[in-house]
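In: Need a 3D model of the following:
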Amino acid sequence: MRGRLEHLLRAAEQPTITVQLVPKEFCGHPVSGVSFTVLRFAEPDLPDVVYLEQLTGALYLDKRRDVDHYAKALDSLCAQILPPERTAAVLRELIDRT
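Out: Coordinates of the predicted model:
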């Protein structure tokens, strides 16, 4: 567990990665228990894509309506959980406890 927390801490310290922690008590949000990634590209000609990993494969959603739905759910979740600025401190606390 300590190694995983240290890996997350290193990732959180990267300027191009945002890590936010979702408390285990947090439930009832539309994305609870759902794993997905919104891929956003710096190149303006490349549209955003949603990546869904499943048991037997992966799915990429590129229709604007689908991407907007997932992006809105992700934005809602991010606004309600621990802000990224606090992530490193909380991860350090967890590492010290392990």
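In: contacts, neighbours, all on C-alpha from now
Out: OK.
In: Who are the packing partners of the helix ranked longest in the chain?
Out: Taking DSSP state H as the criterion, the chain has its longest helix at helix 64-80. Packing partners of helix 64-80 (3 or more C-alpha pairs under 8 Å, 6 or more residues apart in numbering; DSSP states H and E): strand 37-39, strand 49-54.
In: again, 10 Å this time
Out: Here helix 64-80 touches strand 37-39, strand 49-54, strand 57-61, going by 3 or more C-alpha pairs under 10 Å, 6 or more residues apart in numbering; DSSP states H and E.
In: can you list contacts of it?
Out: Outside of helix 64-80, the residues within contact range by C-alpha atoms under 10 Å, 6 or more residues apart in numbering are 19-22, 26, 29-32, 36-39, 47-51, 60-62, 84.
In: hey, which of the helices and strands packed on helix 64-80 is tucked in deepest?
Out: Ranked by mean neighbour count, these are led by strand 49-54 with a mean of 16 (mean count of other C-alpha atoms under 10 Å).
In: Run the chain-centre distance for that one.
Out: 12 Å (C-alpha atoms, centre = their mean, to the nearest Å).
In: Before I go, just wanted to say thanks for your time.
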